[in-house]
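Asker: How does the following fold in three dimensions:
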Amino acid sequence: MPAPQQAAFTYRAMIRADLPAAHRLSAQLNWPHRLEDWALLHRLCKGFAACEGERLIGTAFACPQGAFATIGLVVVSPDYQGQGVGRRLMELALEACKPATAILNASAAGAPLYLSQGFIEFGTLEQRQGPAQCMALEPLAADEHCRSLNAEDQARQLALANAGSGLDRSAIFAHLHDTIEHTAGIECGGQLQAFALLRRAGKGHCIGPVIAQNPRQARHLIATLLSRIPGQFVRIDVPHNSGLCEWLTRAGLGPVDRVSQMALGTPPQSTEGVHQYALLSQAMG
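Answerer: Next comes the predicted model:
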């Protein structure tokens, strides 16, 4: 069957009624997103839909986060790829990002499009997943201790998330708390210094973000959360240079994919002595 002509395509803001069709589209591509994952992005981000008639054939999201905005879930039906749909969705998402600097995580297939639009690569992420295994907890420093987070930690948790990612997480964290299953934080001198979240997402669970001062803290936090869900499927997205990859392999979380971190300008930088050792998600950074 000949491919449809681009003139037949329409582009508009995504609405809630589009979510079931968007979920089916991602499932068609074997992406793990649940309908609830799509709904969370729709609440937090500016979504765009490409349609042929009444049929949803593509999506894209732009998520403003202060001086930066993440772009994610740029999805085009296999029946319509190569027809300029992805490029037009990216143009709409980029316009929605302004005046913020756009950042995204690009697959090998998507990278040429983003490079042609002026993006530069600034890092590599590894998607790791598998059944959660109980790992020995790496000892903390003498003045550190690990505990669960509580409502009184939310302001400090947000400050750490902002410093570790270089993004303004205020809007996202306001909606995120209802999705969290377990938490772990490291306190030192009466102040929270590092934390990690375990959330329900995709095929099972997701660990992220992980914000810590060093890989030792990050490993302790991740092991603490893995112990809460022994044998259950979990995913974590970590920078290749995080210092966690070999340890994650020993923890049974092997690499399944690698993507390029890209920015349309200067990428975000961590501050205040903390770093983001695992993403919240590839769509939200």
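Asker: for the nearest residue to Leu160 once chain neighbours are set aside, helix, strand, or coil?
Answerer: Nearest non-adjacent residue to Leu160, counting by CB to CB, 6 or more residues apart in numbering: Ile211, 4.7 Å away. The C-beta positions use only the backbone N, C-alpha and C, and glycine is treated the same way. Look at Ile211: counting by DSSP: H, G, I helix; E, B strand; the rest coil, its state is strand.
Asker: again with Gly265
Answerer: Per three-state DSSP, Gly265 ends up coil.
Asker: and it, how far is that from His275?
Answerer: Applying CB to CB, to the nearest Å, the value for Gly265 to His275 is 21 Å.
Asker: the more surrounded of these two?
Answerer: A count of neighbours by other CB atoms under 10 Å puts His275 above the other of Gly265 and His275, at 23 against 13.
Asker: Distance of that one relative to Leu94?
Answerer: 27 Å.
Asker: Could you do Ala141 as well?
Answerer: 44 Å.
Asker: So for these two, which residue has more residues nearby?
Answerer: Higher neighbour count among Ala141 and Leu94: Leu94, with 19 against 13, using other CB under 10 Å.
Asker: Please report how far Ile103 lies from Phe122.
Answerer: The gap separating Ile103 from Phe122 is 8 Å, by CB to CB.
Asker: quick one: common contacting residues for those two?
Answerer: By the contact definition CB atoms under 8 Å, 6 or more residues apart in numbering, Ile103 and Phe122 are jointly contacted by Gln261, Met262, Ala263, Pro267.
Asker: could you show me where the strands are in the stretch 1-150 of the chain, in order?
Answerer: Remark: strands assigned in the stretch 1-150 of the chain by DSSP state E, counting those that start in this stretch are 9-13, 46-52, 55-65, 68-76, 101-106, 120-131, 144-147.
Asker: Would you format these as JSON lines with mean pLDDT and distance to Leu29 included?
Answerer: Converted to JSON lines, those look like this (pLDDT from 0 to 100; distance: least, CB to CB, whole Å):
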{"stretch": "strand 9-13", "mean pLDDT": "97", "distance to Leu29": "19"}
{"stretch": "strand 46-52", "mean pLDDT": "97", "distance to Leu29": "15"}
{"stretch": "strand 55-65", "mean pLDDT": "97", "distance to Leu29": "11"}
{"stretch": "strand 68-76", "mean pLDDT": "95", "distance to Leu29": "7"}
{"stretch": "strand 101-106", "mean pLDDT": "97", "distance to Leu29": "15"}
{"stretch": "strand 120-131", "mean pLDDT": "97", "distance to Leu29": "15"}
{"stretch": "strand 144-147", "mean pLDDT": "96", "distance to Leu29": "38"}
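Asker: mind listing the helices for this protein?
Answerer: For the chain, the helices defined by DSSP state H cover 19-28, 35-44, 85-97, 111-116, 154-165, 170-176, 215-226, 245-250.
Asker: Single out the most deeply packed of these.
Answerer: The highest mean neighbour count among those, using mean count of other CB atoms under 10 Å, belongs to helix 215-226: a mean of 23.
Asker: That one packs against which elements?
Answerer: strand 144-147, strand 180-188, strand 191-201, strand 204-212, helix 245-250, strand 275-278 (3 or more CB pairs under 8 Å, 6 or more residues apart in numbering; DSSP states H and E).
Asker: contacting residues around the first one?
Answerer: Applying CB under 8 Å, 6+ apart, the set of residues contacting strand 144-147 from outside is Leu137, Leu140, Ala184, Gly185, Ile186, Glu187, Cys188, Gln193, Gln217, His220, Leu221, Thr224.
Asker: picking up where we left off before, between the helices and strands packed on helix 215-226, which one is closest to Gly84.
Answerer: Proximity to Gly84, assessed across those by CB to CB, is greatest for strand 191-201 (31.2 Å).
Asker: starting at the chain centroid, how far to that closest one?
Answerer: 14 Å (CA atoms, centre = their mean, to the nearest Å).
Asker: With stretch 145-157 instead?
Answerer: Distance of stretch 145-157 from the chain centroid (CA atoms, centre = their mean) equals 21 Å.
Asker: could I have stretch 265-283 exported to PDB, CA atoms only?
Answerer: Extracted in PDB, the C-alpha atoms of stretch 265-283 (Å, rounded to 0.1, in the frame of the first residue of the first chain):
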ATOM      1  CA  GLY A 265      22.700  24.500  23.800                       C
ATOM      2  CA  THR A 266      24.600  24.200  27.100                       C
ATOM      3  CA  PRO A 267      23.500  21.100  29.000                       C
ATOM      4  CA  PRO A 268      22.400  21.300  32.700                       C
ATOM      5  CA  GLN A 269      25.000  21.100  35.400                       C
ATOM      6  CA  SER A 270      24.800  19.600  38.900                       C
ATOM      7  CA  THR A 271      25.600  21.900  41.900                       C
ATOM      8  CA  GLU A 272      26.000  21.800  45.600                       C
ATOM      9  CA  GLY A 273      28.100  18.700  45.600                       C
ATOM     10  CA  VAL A 274      25.400  16.200  44.600                       C
ATOM     11  CA  HIS A 275      24.800  14.400  41.300                       C
ATOM     12  CA  GLN A 276      22.000  12.600  39.700                       C
ATOM     13  CA  TYR A 277      23.000   8.900  39.600                       C
ATOM     14  CA  ALA A 278      19.700   7.700  38.100                       C
ATOM     15  CA  LEU A 279      17.100   9.500  36.100                       C
ATOM     16  CA  LEU A 280      13.500  10.100  37.000                       C
ATOM     17  CA  SER A 281      12.700   8.800  33.600                       C
ATOM     18  CA  GLN A 282      14.100   9.200  30.100                       C
ATOM     19  CA  ALA A 283      11.200  11.500  29.100                       C
END
